[in-house]
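*Asks:* Can you look at this prediction? I've put the sequence above it.
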2 protein chains.
Amino acid sequence: MSHPPLSQTVVKEFQEILGKDNVFTEEADLACYAYDAAVVEPVMPALVVRPTESEKLGRCIKLCNDNGLPLTVRGAGTNLSGGTVPTSTKGVVILSNAMNRILEINEADMYAVVQPGVVTAKFAAAVEAKGLFYPPDPGSQAVSTLGGNVAENAGGLRGLKYGVTSDYVMGVNFFDVNGEIVKSGSKTVKCATGYNLSSLMIGSEGTLGVFNEITLKIIPAPAHRKAMMAVFDRMDKASETVAAIIANRIIPCTLEFMDNFTIRAVESFSKAGLPTDAAAMLLIEVDGYPAQVEEDAQKVEDICKKMGAASIRVAKDDAERDKVWAARRSALSALAKLKPTLVLEDATVPRSKIPEMVQAMQDIAKKYNITIGTFGHAGDGNLHPTILTDKRNKEEWHRVEKAIEDIFDKALSMGGTLSGEHGTGIAKSGFLHRETGKATIAWSRRIKSALDPNNILNPGKVIGG
Amino acid sequence: MSHPPLSQTVVKEFQEILGKDNVFTEEADLACYAYDAAVVEPVMPALVVRPTESEKLGRCIKLCNDNGLPLTVRGAGTNLSGGTVPTSTKGVVILSNAMNRILEINEADMYAVVQPGVVTAKFAAAVEAKGLFYPPDPGSQAVSTLGGNVAENAGGLRGLKYGVTSDYVMGVNFFDVNGEIVKSGSKTVKCATGYNLSSLMIGSEGTLGVFNEITLKIIPAPAHRKAMMAVFDRMDKASETVAAIIANRIIPCTLEFMDNFTIRAVESFSKAGLPTDAAAMLLIEVDGYPAQVEEDAQKVEDICKKMGAASIRVAKDDAERDKVWAARRSALSALAKLKPTLVLEDATVPRSKIPEMVQAMQDIAKKYNITIGTFGHAGDGNLHPTILTDKRNKEEWHRVEKAIEDIFDKALSMGGTLSGEHGTGIAKSGFLHRETGKATIAWSRRIKSALDPNNILNPGKVIGG
């Protein structure tokens, strides 16, 4: 991971813009930014910089473009598809964490304006303090940044009822590759002015521009909520219950699945009192108007029983509820402790196909003789089959790669998609054509080349090339 | 409006693809497609063609591109910003109305796949027949097409609670300028694969590609609803009531405003029993879980009273409700009968600014001595100031143009947008830079040039040029 030193003139120019304290050139510093949460080869950047304000960020981007330096913006690096891993040792990593101000929370018009480096959970808490609600809650919300969430179109546990990050972006302004401000969307709830550039930017993983400010929709907080845990002695009973709940047109806020392997890992990590002998369990929360919550909760309970749940436990208070959700949120960390390499997939299928997809995961694990723990947002059709392996074991890794291909193919054959919420990054860009066809990639690349002719904006991500 | 005849070879090629019955060259036919519902100069196309299936549509687009013929796709032509008016007498209008099949309504996974020519209300009815709900309801829904709705990102009366067309598009596939299929989005509720090209296509008014199939989200129908009419003896009381309802964090399904001028026009047209002596009225509907509907309706009623409503009438049944909504939907037609020229604006402001915006409309009408009737989606901050005039009266038209500029400037000064739901088209493209700045237009044009190098896809719309 050694790298060619960057021209001292360029380093000096960065220092002039940002001050010496915000420009990092030491190998020990650079090494921290060579990877993210995805299983992809680390690449050490040549330079890491930390703009503290808007105007300086714009100048950094222009400086990169003028010198042909590839740049990757990094929030908290929790990305699961390699979106924040540099692809070139000549690259510059731009940290967004010093641009972390909530600029406005407008209660009357229910929107907020934030800088990209604001931590998701911190923002959610600030909004909650005003009796309002920002629903997107990616698993990594305690550290992830809003800029990263928007760049990856992050999902979360509440996607089923409340949607994902893109459903809450009203507008963005961002720097183009020349360091000029581009603006799209509005503080109004409706906007049909100009091209919908905000939405193009959402999920574009830093390949088209760099966020400066983001306007987010916030909503009234639900008045009431009820969480429950349904335990099953067979996986298929649990997955069919998911389909049955949706078929009955109940839209819980959250409808999560966990198989026995994941339950045991999580319990050993979190000591939350999960049923370690269960074949699978569902974690369900309904929220909204109090009487409706009670009615929906009862309906969900009835469906679980009818589908053969061995037991159902309703959280008796917020403390019990929070404990179970904290346990669920620890799933990734809990599984990661078990083996040196963890591959977290998020191929997604239409919701009614969840039983078939759960079965397919078991078949694929068996076929390649590998360990797959399955958990995730079953109500969204968005499972996280998690492969535990050791990448240094080349023979096993080869089987894992084959298994991943099978997972993708299976999801696509059911009308699904490669990624529900983790993004394409570099981990999936090579598979994109299987889902979209080659003309789509060609069309996307035409956009990319037009907007970033020197290919310096997070090159290689999403559409490869 | 005469035009250079198109090369007979090209006409023949269209006829070979589509059959003679679907290629129109007679002036009487062409004249029907020279205009839409916006106040812009009519331009007669050189040719009108009607593809009946996907593959033929793709070939037509390629043929246009190969011959440098500008093409404009037309649904029902209800557009209010000139999006469906040709900009060149060499142009080809492609009718989408023969591609009008609902390809799938999937109840289990709550999505539908449609061709672009499906009429909005017909689709809504087909979905309703299955106990499901497609909320976007533009004023012109009885004739407008889904393809047109998506191309313009149409809004409607239920935007406040349910959002606009873009909130219901899960994916699209479309022809690029070479007639190749590009695909984006999914039948899954979450999709983070590749660029979000669907959203870029939404509202791009046919300038980037031509829709082939659209996948739409549908949702469970609300169990209950309640509509009411609140009458006010002063405009400001009505507009302040709108702000107060939102400030109390009640989100009605619909919250419409009508001033006295509009009420009288609509009543004379529809005989729905509207209070013609009211200074203004609000039409409000709440829907959802029955007990919540009752509670919200009561709260709304209390707020209206507190804010000084002269009377409140709750619709006693669906028939009474439907009559009032039909009257509201007739506003545009009712106003259009009064004068030769009607300019329907839709500059939109953050919701709390509605009182200020209503006042501004009155001031502007006075300043330029013109007639402005104001109605619209007050709950969205999306009023429709409607200027009644006669374009042939040049002196008055000049004042009208000045007034429109003032309306735009006023909305922008309040953090608003030029268009909430009618699109940019040619009517507003000249004003775009005031909202977005020049770098945004430059960035947008880079996209357009990359995707449509011969500038044949509905040239001149959205971003001008």
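*Replies:* Happy to help now that I have it. Residues are numbered from 1 along each chain as shown, chains lettered A, B, ... in the order given.
*Asks:* only C-alpha atoms for contact and neighbour calcs from this point on.
*Replies:* OK.
*Asks:* pLDDT at the one residue in the stretch 251-400 of chain A that gets nearest to chain B, what is it?
*Replies:* Going by Cα to the nearest Cα, chain B is nearest to A:P350 of the stretch 251-400 of chain A, at 4.6 Å. At A:P350, the model reports a pLDDT of 94.
*Asks:* wait, what's in contact with it?
*Replies:* For A:P350, the contact set (Cα atoms under 8 Å, 6 or more residues apart in numbering or on different chains) comprises A:380-381, A:414-416, B:109, B:187-189.
*Asks:* Tabulate those in CSV, adding columns for secondary structure.
*Replies:* Shown next, in CSV, are those (DSSP: H, G, I helix; E, B strand; the rest coil):
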residue, secondary structure
A:D380, helix
A:G381, coil
A:M414, coil
A:G415, coil
A:G416, coil
B:D109, coil
B:K187, coil
B:T188, coil
B:V189, coil
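*Asks:* Can you tell me which of those is nearest B:P86?
*Replies:* Closest approach between the contacts of A:P350 and B:P86, by Cα to Cα: B:K187, at 33.7 Å.
*Asks:* where does that closest one fall, phi/psi-wise?
*Replies:* Dihedral angles of B:K187 (phi, psi; degrees, to the nearest 10) stand at phi -90, psi 0.
*Asks:* Spit out the contact partners of it.
*Replies:* Contacts of B:K187 by Cα under 8 Å, 6+ apart are A:349-350, A:415-416, B:111, B:170-171, B:215.
*Asks:* Identify the single longest helix in chain A, thanks.
*Replies:* Counting by DSSP state H, the longest helix found in chain A is helix A:394-413.
*Asks:* Run through who's touching it.
*Replies:* Outside helix A:394-413, the residues within contact range by Cα under 8 Å, 6+ apart are A:345, A:347-349, A:357, A:360-361, A:364-365, A:368, A:370, A:387, A:389-391, A:417-418, A:435.
*Asks:* and if we set it to 7 Å?
*Replies:* A:347-349, A:364, A:368, A:391, A:417-418, A:435 (Cα atoms under 7 Å, 6 or more residues apart in numbering or on different chains).
*Asks:* now do stretch A:324-336
*Replies:* The contact list for stretch A:324-336, computed with Cα under 7 Å, 6+ apart, reads A:139, A:262, A:265-266, A:269-270, A:272, A:342.
*Asks:* Among the residues you listed, which are located in strands?
*Replies:* Using DSSP state E, the subset of the contacts of stretch A:324-336 located in strands is A:L342.
*Asks:* Turn the contacts of stretch A:324-336 into CSV, columns for neighbour count and pLDDT.
*Replies:* Listed next are the contacts of stretch A:324-336 as CSV, based on neighbours: other Cα atoms under 10 Å in any protein chain shown; pLDDT from 0 to 100:
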residue, neighbour count, pLDDT
A:G139, 19, 89
A:T262, 24, 95
A:A265, 22, 95
A:V266, 25, 94
A:F269, 16, 91
A:S270, 19, 89
A:A272, 16, 89
A:L342, 22, 92
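*Asks:* hmm, which two among the contacts of stretch A:324-336 are most spread apart?
*Replies:* A:A272 and A:L342 (22.6 Å).
*Asks:* so where's chain A uncertain?
*Replies:* Where chain A drops to pLDDT under 70, the residues are A:1-5.
*Asks:* Against A:L208, how distant is the residue of it positioned farthest from its centre?
*Replies:* The outermost residue of chain A relative to its centre, with distances by Cα atoms, centre = their mean, is A:T9 at 37.2 Å. With the distance defined as Cα to Cα, to the nearest Å, A:T9 ends up 27 Å from A:L208.
*Asks:* next one: A:V266
*Replies:* Applying Cα to Cα to A:V266 and A:L208 gives a distance of 38 Å.
*Asks:* does chain B sit close to stretch A:103-113?
*Replies:* Yes. Applying Cα under 7 Å from any Cα of the partner chain, one finds stretch A:103-113 touching chain B at A:108-109.
*Asks:* and that stretch, which residues are buried?
*Replies:* Across stretch A:103-113, burial judged by 16 or more other Cα atoms under 10 Å in any protein chain shown covers A:105, A:107-113.
*Asks:* Strands - which of the residues you listed land there?
*Replies:* A:105, A:111-113.
*Asks:* which phi and psi does the residue nearest the centre of chain A have?
*Replies:* In chain A, the residue lying closest to the centroid (Cα atoms, centre = their mean) is A:A154, at 3.6 Å. Main-chain dihedrals, A:A154, degrees, to the nearest 10: phi -60, psi 150.
*Asks:* Around chain B, which positions in the stretch 51-200 of chain A sit nearby?
*Replies:* A:108-109, A:153, A:180-184, A:186-197, A:199-200.
*Asks:* Who are the packing partners of the one helix or strand A:D302 maps to?
*Replies:* A:D302 is part of helix A:290-306 when elements are defined by DSSP states H and E. Applying 3 or more Cα pairs under 7 Å, 6 or more residues apart in numbering or on different chains; DSSP states H and E, we find helix A:290-306 packed against strand A:224-232, helix A:235-247, strand A:280-288.
*Asks:* let's see it at 10 Å
*Replies:* Using 3 or more Cα pairs under 10 Å, 6 or more residues apart in numbering or on different chains; DSSP states H and E, the elements in contact with helix A:290-306 are strand A:224-232, helix A:235-247, strand A:280-288, strand A:311-314, helix B:290-306.
*Asks:* Among the ones you listed, show me which one is buried the most.
*Replies:* strand A:280-288 (a mean of 25; mean count of other Cα atoms under 10 Å in any protein chain shown).
*Asks:* name the helices or strands packed onto that one?
*Replies:* strand A:224-232, helix A:235-247, strand A:254-259, helix A:260-270, helix A:290-306, strand A:311-314, helix A:318-329, strand A:371-377.
*Asks:* try it again with 7 Å
*Replies:* strand A:224-232, helix A:235-247, strand A:254-259, helix A:290-306.
*Asks:* The third one pairs with which strands, parallel or anti?
*Replies:* This points to strand A:254-259. strand A:280-288 (antiparallel), strand A:371-377 (antiparallel) (DSSP bridges).
*Asks:* Following the last one in sequence, what is the next regular element?
*Replies:* What that stands for is strand A:371-377. Counting by DSSP H and E, what follows strand A:371-377 is strand A:382-389.
*Asks:* export that next one as CSV, just CAs?
*Replies:* C-alpha atoms of strand A:382-389 as CSV (Å, rounded to 0.1, in the frame of the first residue of the first chain):
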residue,chain,number,x,y,z
ASN,A,382,-34.7,-6.8,1.8
LEU,A,383,-32.9,-9.6,3.6
HIS,A,384,-29.2,-9.5,4.6
PRO,A,385,-27.8,-12.9,3.9
THR,A,386,-24.4,-12.7,5.7
ILE,A,387,-21.6,-14.9,4.7
LEU,A,388,-19.0,-15.7,7.4
THR,A,389,-15.7,-16.7,5.9
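*Asks:* Is that strand in proximity to chain B?
*Replies:* No. For strand A:382-389, no contact with chain B is found by Cα under 7 Å from any Cα; the gap never falls below 7.5 Å.
*Asks:* just to revisit the earlier point, save the contacts of A:P350 as TSV, and put in distance to B:R59 too.
*Replies:* TSV is the format used below for the contacts of A:P350 (distance: Cα to Cα, whole Å):
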residue	distance to B:R59
A:D380	37
A:G381	36
A:M414	30
A:G415	27
A:G416	29
B:D109	33
B:K187	27
B:T188	30
B:V189	32
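*Asks:* if I look at A:L30, how far off is A:T52?
*Replies:* Counting by Cα to Cα, the gap from A:L30 to A:T52 is 19 Å.
*Asks:* cool, A:G430 as well?
*Replies:* 35 Å.
*Asks:* One more: A:F261?
*Replies:* From A:F261 to A:T52 the distance is 44 Å (Cα to Cα).
*Asks:* Equivalent analysis for A:K367, please.
*Replies:* From A:K367 to A:T52 the distance is 51 Å (Cα to Cα).
*Asks:* Counting neighbours around each, name which of those two comes out higher.
*Replies:* Using other Cα atoms under 10 Å in any protein chain shown as the criterion, A:K367 and A:T52 rank with A:T52 on top: 17 against 11.
*Asks:* show me what contacts the more buried one?
*Replies:* A:98-99.
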